[in-house]
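Novice: Next input, structure requested:
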Amino acid sequence: EHQHSEHQHGGHDHGGHDHGGGMGMPGGLPMADVGPDRDGLTLDRLRVPLGPVLPDWPAGLVVEVVLQGDVVQEATARILDRAGQAQGSFWDAPDADRARRAAARHLDGLARLLGTAGWADPAATARHLRDELLSGAPVGPLRLRTEALVATVRRSRTLRRMLRGVGRGVAGVDTLLAARLSALESAATDLDRPTSPVGGAGWGAGEPGIDELAELLVGAELAAARLIVAAVDPDTDRLPTDHTGHVHRG
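Specialist: The predicted model follows:
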């Protein structure tokens, strides 16, 4: 049975640690200070750590945000040290398995976003399809079920309304979801031709790094920030552990 997907891609433990270094409050929350918000009012500033162990959260990613109200004013993103871990992305594969791995990677990302958005049943379907692909199940039924899942997600007006306006520009969550569905659809088509050239399992050269991810989070509400992380879904296996992205509102 494939273990990587449960441990490193989509675990279901809850956690988080206070990395702020300040005085703690009961329950592990840090003490708040104050500062002006975007409307010129003075609101509490609270440092909140997200990750590395959260439902539908990229493996090894730690994001620390400074909130005023529920709006992210500062964001710092980093990858935990992976000393002793094999280098390279789990989703890379020999040519014979590239179509399976590409489709599984996009199903993994889709499951993360749907789970974060609270759409549990399609998220579970995406995870099951991912695991079946990685276990070597016959591709014919998997391709048909994957195409049906893509159609279901595209038809959801509720999901479109929820995601509209979250994120900015080409990194808008609805735009990222549309790109993810198109990439998954293409990879599913290639399942019948596993040795044919297919696109990479990730977003390619334009895949955001942790600097870009931190920048996208600044100005977002906390609930939207979780959706942005899930939509970007950085391949943390590919990102360096010796760099921290930090962005604050000027």
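Novice: Please make it C-alpha for all contacts and neighbour counts, starting now.
Specialist: Will do.
Novice: So, low pLDDT: which residues of the chain?
Specialist: The chain contains residues with pLDDT under 70 at 1-43, 82-88, 92-96, 170, 194-208, 239-250.
Novice: all strands of the protein, in order?
Specialist: Applying DSSP state E to the chain gives strands spanning 33-36, 42-50, 61-68, 71-79, 244-248.
Novice: distance of the residue nearest to Asp237 when sequence neighbours are not counted from Asp235?
Specialist: With sequence-adjacent residues excluded and distances taken as Cα to Cα, 6 or more residues apart in numbering, Asp237 is closest to Ser89, at 4.9 Å. Ser89 sits 7 Å away from Asp235, taking Cα to Cα, to the nearest Å as the criterion.
Novice: Compare neighbour counts for these two and give me the winner.
Specialist: Applying other Cα atoms under 10 Å to Ser89 and Asp235 shows that Asp235 carries more neighbours, namely 23 against 14.
Novice: Which elements pack onto the lengthiest helix in the chain?
Specialist: If you go by DSSP state H, the chain has its longest helix at helix 98-116. For helix 98-116, the packing partners by 3 or more Cα pairs under 8 Å, 6 or more residues apart in numbering; DSSP states H and E come out as helix 120-135, helix 173-189, helix 222-232.
Novice: Now distance to Leu46 too, for those, in CSV please.
Specialist: Converted to CSV, the helices and strands packed on helix 98-116 look like this (distance: least, Cα to Cα, whole Å):
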stretch, distance to Leu46
helix 120-135, 30
helix 173-189, 25
helix 222-232, 12
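Novice: out of these, which comes closest to Val63?
Specialist: helix 222-232 (9.5 Å; Cα to Cα).
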